[in-house]
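Novice: next come a sequence and a model predicted from it.
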Amino acid sequence: MERRFNPLDLSDNAQGHQICLPVEFVQALAVANSLQEVLDTVSQWLYQLFDAERASITLRDDADFLKIYSIRGNKAIPLDFRVPITNTLVGRAFTEKTVLICDELDKSTELDCIMLAQHGMQTCMDAPLLYGDVCLGTLNVAHKKSSYYSELHAIELQCLANWIGLNISLRLQLKELEYLASTDHLTGAANRRVFTQKIRQAMTEFHENGQSFFFGLMDIDHFKMLNDQFGHSAGDYVLQRIVAISETMMTSPGKFFRIGGEEFAIIFPEQSEYEPLRFFNDIREAIALAAMDYDGIPISVSVSIGFTAMHIHDNTPESLLRRSDKALYQAKLAGRNRVLMFNSAQA
């Protein structure tokens, strides 16, 4: 047996009914630092508030699947499981934006119901996480007794789903804004704003903990000529390819940034197993050897890199930038497509 409840009609069926939430729940949600903490907090309290044997949260993964991001209780459907949207009760709750209750799971032919029944569940209830007309995922509870959940339970679960849907949506919007503020829109590389933060952080760690690092400036050779010959769209393509190649070359502690035009910055922590000159040359060589093809036109690109080591007397990023820029200038003068480390003779 299945029961359906339209979220738009639930308020009419609950005139005068109030939902009381534990202060601990509201407070835990307020101080959650990440979306995952929000989801874990919600599943924990769903488990308690609905006397559930199992509580879980799904979010849309792609056009065909929902993904389970948090579970409390019975693990009939495991964490990170990708639940098909078709032929599942939770998928129908998601697509139809409707609260659904299956009262006898062992009589259902839908995949999620079968999996729950195989692990002793008899009732499940799924509510869509709504934000306006958008469904983000579902809240789900299950119990070992058949016909356990009532219409009042459906009202309460959907009210929570609406509240949590708003919370999730706001956090996703904030995450997107943070991404936009920290990312170069064309290439996806970290931008100058992030570079300023990271270089200052690296300098602080050097002075406080002795963590040495090298700093490099990388510039695309003859980039204006490339734009003039092939057009700015081709230039954009080259910038994107260079970022993609460079980021695959970065070791995990290294950091790569686009700081303006065709200029990039690299922070490379000192590592005895990987000499900085070899590291920067590997990036240069990978770009020089890369096959770049723009609309059927092969394009050859090279870069020049100037770099320097962090010194005890460096107190601001400007000193590192100045030395690396001088080394970069010398690399250009020497014929481009090369790497040079700053030395005092360049001062």
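Specialist: Happy to help now that I have it.

Novice: find the nearest non-adjacent residue to the residue nearest the centre of the chain, please.
Specialist: What sits nearest the mean C-alpha location of the chain, by CA atoms, centre = their mean, is Lys175, with 8.2 Å. Closest residue to Lys175 apart from its sequence neighbours, by CB to CB, 6 or more residues apart in numbering: Leu35 at 7.4 Å. For glycine as for every other residue, the C-beta is placed from the backbone atoms N, C-alpha and C.

Novice: before we move on, back to that, so the residue nearest to the centre of the chain makes contact with Ser34?
Specialist: No: contact criterion CB atoms under 8 Å: Lys175 and Ser34 do not qualify, at 9.3 Å.

Novice: and the residue nearest to the centre of the chain, what pLDDT?
Specialist: Looking at Lys175, its pLDDT stands at 79.

Novice: which SS class is it?
Specialist: Under DSSP: H, G, I helix; E, B strand; the rest coil, Lys175 falls in the helix class.

Novice: now name the helix or strand holding Phe268.
Specialist: Assigned by DSSP states H and E, Phe268 belongs to strand 263-269.

Novice: what packs against the helix or strand following that strand?
Specialist: Using DSSP H and E, the helix or strand that follows strand 263-269 in sequence is helix 276-289. In terms of contacts (3 or more CB pairs under 8 Å, 6 or more residues apart in numbering; DSSP states H and E), helix 276-289 is packed against strand 213-220, helix 232-249, strand 263-269, strand 303-309, strand 339-341.

Novice: list the buried residues of the second one.
Specialist: Going back to what we said before, that points to helix 232-249. Of all the residues in helix 232-249, those buried under the rule 16 or more other CB atoms under 10 Å are Ala234, Gly235, Tyr237, Val238, Leu239, Arg241, Ile242, Val243, Ile245, Ser246, Glu247, Met249.

Novice: got the angle between that helix and strand 263-269?
Specialist: Helix 232-249 runs at 0 degrees relative to strand 263-269, counting by axes from the mean of the first three to the mean of the last three CA atoms, to 10 degrees.

Novice: contacts for helix 232-249?
Specialist: Helix 232-249 is contacted by residues 184, 186-189, 218, 220, 223, 226-227, 256, 258, 262, 264, 266, 282-283, 286-287, 290, 292, 294-295, 297, 299, 301, 303 when judged by CB atoms under 8 Å, 6 or more residues apart in numbering.

Novice: then the shortest one?
Specialist: For strand 339-341, the external contacting residues (CB under 8 Å, 6+ apart) are 276-277, 280-281, 284, 304-309, 327-328, 330-331, 334.

Novice: now for the residues you listed: which two are most distant?
Specialist: Greatest spacing in the contacts of strand 339-341, by CB to CB: Ala309 and Ala334 (20.1 Å).

Novice: who has more neighbours, those two?
Specialist: A count of neighbours by other CB atoms under 10 Å puts Ala309 above the other of Ala309 and Ala334, at 16 against 11.

Novice: quick one: contacts for that one?
Specialist: Ser212, Phe213, Phe214, Phe215, Glu270, Pro276, Met341.

Novice: redo that, cut-off 6 Å
Specialist: If you count contacts by CB atoms under 6 Å, 6 or more residues apart in numbering, Ala309 has them with Phe214.

Novice: and it, how far from Ser324?
Specialist: Remark: distance between Ala309 and Ser324 (CB to CB, to the nearest Å) = 10 Å.

Novice: just for the stretch 101-250 of the chain, where's the confidence low?
Specialist: Applying pLDDT under 70 to the stretch 101-250 of the chain picks out no residues at all.

Novice: go with 90
Specialist: Residue ranges of the stretch 101-250 of the chain with pLDDT under 90: 132-133, 152, 167-181, 249-250.
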